[in-house]
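**Q** Build me a model from this:
(one chain, ligands or ions: 1)
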Amino acid sequence: MTSLDLELARERSHHDACRAALIRMTEDVVEQVVTGEDVAASGADAEALGYHLRSRAKEMREQPPGPLFFGRLDREDGQIHHIGRRRIAEHPAAPPLVVDWRAPVSRAYYQAGAHDPQGVLRRRRFGWAPNSAGATEDLTALEDENLTDGDTGQVSALLTGEIERPRVGPMRDIAATIQPEQDDLVRSEPAASLCVQGAPGTGKTAVGLHRAAYLLYTHPQRIRRSGLLVLGPHRAFLSYIAEVLPSLGETGIRQATLDDEIARHPVRVEDDEAAALVKHDARMAGVLHRALYGRVDPAPAEDLAVPDGSYHWRLPAAQLAAIVSAVREEAPPYATGRERVRARIVRALQLRAERRSGPMGAAWARRVERARAVTAFLDRCWPKATPEEVLAGVLTDPAGAADLLLTADELAAIRWARPPRSYRSARWTAADLVLLDELAGLIERPESYGHVVVDEAQDLSPMQCRAIARRTEFGSLTVLGDLAQGTTPWAARDWDEQLEHLGKPGTPVVPLTLGYRVPAAIVDLANRLLPRLGAGVPAGRSVRRDGEVTVHRATELAAGVREAVRAALAAEGSVGVVTADHLVDAVAEEVKGCGERVSVLPATVVKGLEFDHVVVVEPAAIVAAEARGLNRLYVVLTRAVSRLALVHEAELPECLDPRTGR
Ligand SMILES: Nc1ncnc2c1ncn2[C@@H]1O[C@H](COP(=O)(O)OP(=O)(O)OP(=O)(O)O)[C@@H](O)[C@H]1O
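**A** Residues are numbered from 1 along each chain as shown. Next up is the predicted model:
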């Protein structure tokens, strides 16, 4: 037996011990559910304790199968730590057999190097059979890095293998291979917001999800109680990333699109581009504010008289006006403002009444509060409002609230051609829902999440950013994006401005430029587009030296597509055939029956996804299809993990043409 075999045998037996301990931990929790429900002092305690234990038992049972550790640290002080996705111990007080990758002692696993060993003698990486469910015999390799040997410049074969592994199915966690610059972001100060400007494939999404898991581990009370939300650009993306948090042991985290998060109604119609542009513009915040508060009458003309038996208590108009404007200045949410005016009126009436007739009890105050005359006054001077009613007013007659804030053309763009009979029958567009959310937020403050991770944040409009800002008033944000991948008409060109809309001005922007998805040959090709994207971001680089770009000039596009897909299928992994939206049906027809590994996708839905082999059909059509077509093409090219094929019948966009170079 070689010394490597011996070490592997030892590690396998440690894995067996971990497996046995994990089974015991799960059994213990299930047992505690039973006793926990019986022993607690009161029924309510038993309920709370039982709930807590049941959730833990469920969480333990739902642990996805897999290897129980992926690394090991041997420290100068003689301590040895195995590192895995969750802590495993014989019993709660025993030293752990496996420490959680998020624990402070695990940090050195990701950060220590020969130049800065951080008390570590040796880092060991374990190699498991692909997609292992955690059977001990799947532990097939290990690799040691001695940090005391000076800088050997040695590249880890296991790490390279993991990064270059063919992709199938949904995104996987990267707990075993997080890189130092990524780890800094994952573990950065939780109360502070953070913005990551990352070139394609640098691991922004992975960093955001691992940071979410880290925050839940480090601040379970604060973050769990107030909630954590992950926002992604579309549902396909959400299902692609859905497995990552559960595989890190974090279940039940809300992952949604912003549209889902704010949906008060179904989207029934579409805006034309001119209307959508105006509705997503930051000035709409002013328009809506004006429309809502335009309903408040700051100078009531008449005195208020509240009948009380045979008597009337009176407040003069001037005093009413002073109350209304004082509350306006305090700027509470609109609905709170109405109730505050009511409370101040009652207080003023009470003072008057007590001056005349002595103390008035709480019952009297309640009666006055609900008096018809008081409510009638409020209905005139601070009427109730619903977002739908106010927005319908704006879209029926935009000039009323938006005059001087919008140009005549902009007013015309958002004006309803045929207003509905009532706001209740209005058919709302996606942008209208953003505006309704703004109004709802002015009327009543929404609950704040503890932390929100926002992916592809460059694509959000100012009004969408404000919807997120409202939900993180008392929480923090992890903002992930790439200005070069901005494809919406309102995509950000500058992070400082976007962060201001997100309610977190001055948040530090940290660049990531080293890519783990796209091989260097493909990054170099995509970088040729960068100068024309107007994004001013640093160019991407790649750790990957593999990869291949091929260009097929086809005399007949259909035949070219068939040939490129056939060539792609000769290698392992997924094949994404991506083309302009209007060509999708025709292309899908050509590759029908090519099997499950091939997906045909419109260019507009591939953001955030990746395929081993990407076949781009007619790049020029992707560029021509929309205003930010070049940005779209940049996104499409950078979806490739190993190989990229360009198939074209029309001329290639100039910057991609191998004959014109850059
Ligand atoms: N440290 C790492 N170890 C292994 N794989 C990694 C690492 N970092 C990133 N990856 C992999 O690289 C790919 C790209 O990561 P991710 O999707 O998070 O990047 P991104 O910056 O969000 O990309 P894009 O903006 O292009 O969508 C994923 O498959 C991810 O698992």
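
**Q** how is the chain carved up into domains?
**A** Under the assignment the TED database, the domains of the chain span 3-164, 182-263+449-511, 296-381, 520-656.

**Q** Any idea which of the ones you listed gets closest to the ligand?
**A** domain 182-263+449-511 (3.2 Å; Cβ to the nearest ligand atom). For the C-beta atoms, the positions are set from N, CA and C on the backbone; glycine is no exception.

**Q** The closest one and the ligand, are they touching?
**A** Yes. Where contact is defined by Cβ under 6 Å from any ligand atom, part of domain 182-263+449-511 touches the ligand, namely 182, 198, 200-206, 482, 485.

**Q** Now do the end-to-end distance for that domain.
**A** Taking Cα to Cα, to the nearest Å, the span from the opening residue of domain 182-263+449-511 to its closing residue is 10 Å.

**Q** Let me see the mean pLDDT of that domain.
**A** This predicted structure assigns domain 182-263+449-511 an average pLDDT of 93.

**Q** what separates that domain from the chain centre, distance-wise?
**A** 4 Å (Cα atoms, centre = their mean, to the nearest Å).

**Q** One more: stretch 517-524?
**A** Stretch 517-524 sits 26 Å away from the centroid of its parent chain (Cα atoms, centre = their mean).

**Q** what do you get for stretch 555-571?
**A** 36 Å.

**Q** Could I get the average pLDDT for that stretch?
**A** For stretch 555-571, the per-residue pLDDT averages 93.

**Q** what sits up against it?
**A** 550, 552-554, 575, 577, 586-587, 590-591, 594-595, 597-598, 612-613, 615, 617-618, 642-643, 645, 647-649 (Cβ atoms under 8 Å, 6 or more residues apart in numbering).

**Q** What subset of those is buried?
**A** The neighbour count (16 or more other Cβ atoms under 10 Å) marks 552, 554, 575, 577, 587, 590-591, 594, 597-598, 612-613, 615, 617-618, 642-643, 645, 647-649 as buried among the contacts of stretch 555-571.

**Q** follow-up on the earlier one: so which of the contacts of stretch 555-571 belong to helices?
**A** Cross-referencing the contacts of stretch 555-571 with the helices (criterion: DSSP state H) gives 586-587, 590 as the overlap.

**Q** Next, format the residues you listed as CSV and append distance to W490 and pLDDT.
**A** Shown next, in CSV, are these (distance: Cβ to Cβ, whole Å; pLDDT from 0 to 100):
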residue, distance to W490, pLDDT
A586, 31, 95
V587, 29, 95
E590, 35, 92
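
**Q** Find the helix or strand that L288 is a member of.
**A** Under the criterion of DSSP states H and E, L288 resides in helix 283-293.

**Q** Could you give me the buried positions within that helix?
**A** By 16+ other Cβ under 10 Å, the buried positions in helix 283-293 come out as 284-285, 287-288, 290-293.

**Q** What mean pLDDT does that helix get?
**A** Computed over helix 283-293, the mean pLDDT rounds to 96.

**Q** Quick one: list the elements packing against it.
**A** helix 387-396, helix 398-402, helix 430-443, helix 462-471 (3 or more Cβ pairs under 8 Å, 6 or more residues apart in numbering; DSSP states H and E).

**Q** need the least confident one among those helices, by mean pLDDT.
**A** Taking each of the helices and strands packed on helix 283-293 in turn, the one with the lowest mean pLDDT is helix 398-402, at a mean of 84.

**Q** then that helix to CSV, C-alphas only?
**A** This file holds the C-alpha atoms of helix 398-402, laid out as CSV (Å, rounded to 0.1, in the frame of the first residue of the first chain):
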residue,chain,number,x,y,z
PRO,A,398,-51.0,62.9,-16.8
ALA,A,399,-50.8,66.7,-17.2
GLY,A,400,-52.6,67.1,-13.8
ALA,A,401,-49.7,65.7,-11.8
ALA,A,402,-46.8,65.5,-14.2
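
**Q** Contacts for that helix next, please.
**A** 287-288, 290-291, 294, 393-394, 406, 410-411, 414-415.

**Q** Check which helices and strands the next helix-or-strand element following it sits against.
**A** Along the chain past helix 398-402, the next helix or strand (assigned with DSSP H and E) turns out to be helix 408-414. The contact analysis (3+ Cβ pairs under 8 Å, 6+ apart) places helix 408-414 against helix 273-279, helix 398-402.

**Q** Residues contacting the first one, please?
**A** Applying Cβ under 8 Å, 6+ apart, the external contacts of helix 273-279 come out as 271, 284, 406, 409-410, 413-414, 429-432, 434-435, 463, 489-490.

**Q** what's the closest of those residues to D74?
**A** Out of the contacts of helix 273-279, the one with the shortest distance to D74 is W490. That distance is 52.5 Å, counting by Cβ to Cβ.

**Q** What about the residue nearest to the closest one when sequence neighbours are not counted, how many residues nearby?
**A** Sequence neighbours aside, S461 is the residue nearest to W490 in space, at 4.0 Å (criterion: Cβ to Cβ, 6 or more residues apart in numbering). A total of 25 residues lie near S461 under the criterion other Cβ atoms under 10 Å.
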